[in-house]
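1. Fold the following.
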Amino acid sequence: MAELYLTYEYHIAAMQLILAMLGMGATLTGRDFREIVRSPKAISAGLSVQLLAVPLLALAFISWPGVSAGVAIGIALVAAIPGGTVSNIFTYLARGDIALSISITTLTTIACLVTTPLILDLLIGQNLPADFVMPRLGIVIEIGFTLLLPLLLGMAFLQYYPRNAPAFSLWCIRGSLLGVLMIVVGSLLAGRLDLAAFGVENVVLVSLFSVALAMAGWLVPRLLGMNRSKATAIELEVVVRNVNLGVLLKVSIFPASDPVLAPIGDIVLFTLLLYGGIQLLIGAGLIRLRRGQNGEPSNNESGVQDSPHA
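-> Okay, here's the model as predicted:
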């Protein structure tokens, strides 16, 4: 079973990401992007935190003395990937600005075609083996075919089959979650998720990095005087990231079949999955906190959002 998983690891990772993006695309229409025009300040703040503050925080943690190459690369991958569909769902549950959340997710997803290889190059060049060459073109192609193309196809499905789109989106997202589960189980069976080898100190480091992202997401919109709804959307966009994409890039850059890169890849995978679990805990905590707060209305400034597009 372990050997079978290692043989098809890349295909499973690609499948789970494609399904996730198809599901996300099948919830998006042109009106979801009106927030770009209506709230340029909020959009700019969200993009600035995602594309500038998060990589700088990652650089600070990567520069920590004694950080292993695998953990450094895992943290860099977290910083280089955009927000995901789950951030939109969490924003809805936390009574945040859903239109803003969707706009930031989509814009950072499109931008990552350029920003992801650039951020990885800047952050982890020194952590890779001396003879390793960052596959920049390969990363761009991966993102194009597994992220952007499925997103557009999902939007086209909604356009032509609006009645079937909700069910289509739901089953795609369920399929994506199954793919993630297969990666976790397959990695466990192959002995690649070893907590003892990863080390408690690295668990603490990744946890602190997660908290640092949450603090950055909380601080920036409040310094800019945004209301709670928009601040919540930005906060969750920063914390809840598209770990699905990170897993695919890990599989592509550090294949388990490569005896030299596989050990580094195992630590990278553990880092990504650990962050994925922590971000869900932080997200759930933020939902509980925001829903329990009183005072400012939780609806968008222009009206009430009845349901999330995620």
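2. what pLDDT does Gly144 get?
-> In this model, Gly144 is scored at 85, pLDDT.
3. the helices in the stretch 51-200 of the chain, which residues?
-> Applying DSSP state H, counting those that start in this stretch to the stretch 51-200 of the chain gives helices spanning 54-62, 69-80, 85-93, 98-124, 136-143, 149-160, 165-189, 195-198, 200-223.
4. Columns mean neighbour count and distance to Leu273 on top of these, output as CSV?
-> The way it works is simple: take the backbone N, C-alpha and C, and place the C-beta from them, glycine included. Output for these, formatted as CSV (neighbours: other C-beta atoms under 10 Å; distance: least, C-beta to C-beta, whole Å):
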stretch, mean neighbour count, distance to Leu273
helix 54-62, 19, 17
helix 69-80, 26, 9
helix 85-93, 26, 14
helix 98-124, 22, 18
helix 136-143, 17, 19
helix 149-160, 17, 22
helix 165-189, 17, 6
helix 195-198, 12, 10
helix 200-223, 18, 10
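5. got those helices as a markdown table, with distance to Ala262 columns?
-> Formatted as a markdown table, the helices of the stretch 51-200 of the chain follow (distance: least, C-beta to C-beta, whole Å):
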| stretch | distance to Ala262 |
| --- | --- |
| helix 54-62 | 21 |
| helix 69-80 | 11 |
| helix 85-93 | 28 |
| helix 98-124 | 17 |
| helix 136-143 | 18 |
| helix 149-160 | 28 |
| helix 165-189 | 11 |
| helix 195-198 | 13 |
| helix 200-223 | 18 |
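6. closest one to Pro255 among the ones you listed?
-> Closest approach to Pro255 among those (C-beta to C-beta): helix 136-143, 11.7 Å.
7. how about the helices of the stretch 51-200 of the chain, which one is nearest Glu9?
-> When the helices of the stretch 51-200 of the chain are compared (using C-beta to C-beta), the closest one is helix 165-189, at 6.9 Å.
8. Of all the helices of the stretch 51-200 of the chain, which one comes closest to Leu248?
-> Of the helices of the stretch 51-200 of the chain, nearest to Leu248 by C-beta to C-beta is helix 136-143, at 6.5 Å.
9. Give me the distance from the closest one to the chain's centre.
-> 17 Å (C-alpha atoms, centre = their mean, to the nearest Å).
10. Give the other helices and strands that that helix contacts.
-> Packing partners of helix 136-143 (3 or more C-beta pairs under 8 Å, 6 or more residues apart in numbering; DSSP states H and E): helix 98-124, helix 243-253.
11. Pipe those into CSV and attach distance to Gly292 and mean pLDDT per row.
-> Listed next are those as CSV, based on distance: least, C-beta to C-beta, whole Å; pLDDT from 0 to 100:
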stretch, distance to Gly292, mean pLDDT
helix 98-124, 19, 85
helix 243-253, 27, 84
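12. Quick one: these as CSV, columns for distance to Leu152 too.
-> Formatted as CSV, the helices and strands packed on helix 136-143 follow (distance: least, C-beta to C-beta, whole Å):
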stretch, distance to Leu152
helix 98-124, 10
helix 243-253, 16
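13. Show me the one of those helices that comes nearest Leu286.
-> Closest to Leu286 of the helices and strands packed on helix 136-143, according to C-beta to C-beta: helix 98-124, at 12.6 Å.
14. Tell me what angle that closest one forms with helix 54-62.
-> On the basis of axes from the mean of the first three to the mean of the last three C-alpha atoms, to 10 degrees, helix 98-124 is oriented at 40 degrees to helix 54-62.
15. Can you name every helix or strand that helix 98-124 contacts?
-> helix 34-38, helix 40-48, helix 54-62, helix 69-80, helix 85-93, helix 136-143, helix 228-239, helix 243-253.
16. TSV please, covering those and showing distance to Phe157.
-> Output for the helices and strands packed on helix 98-124, formatted as TSV (distance: least, C-beta to C-beta, whole Å):
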stretch	distance to Phe157
helix 34-38	21
helix 40-48	26
helix 54-62	31
helix 69-80	28
helix 85-93	15
helix 136-143	20
helix 228-239	25
helix 243-253	19
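17. Now do Glu3, the pLDDT please.
-> On the pLDDT scale, Glu3 gets 66.
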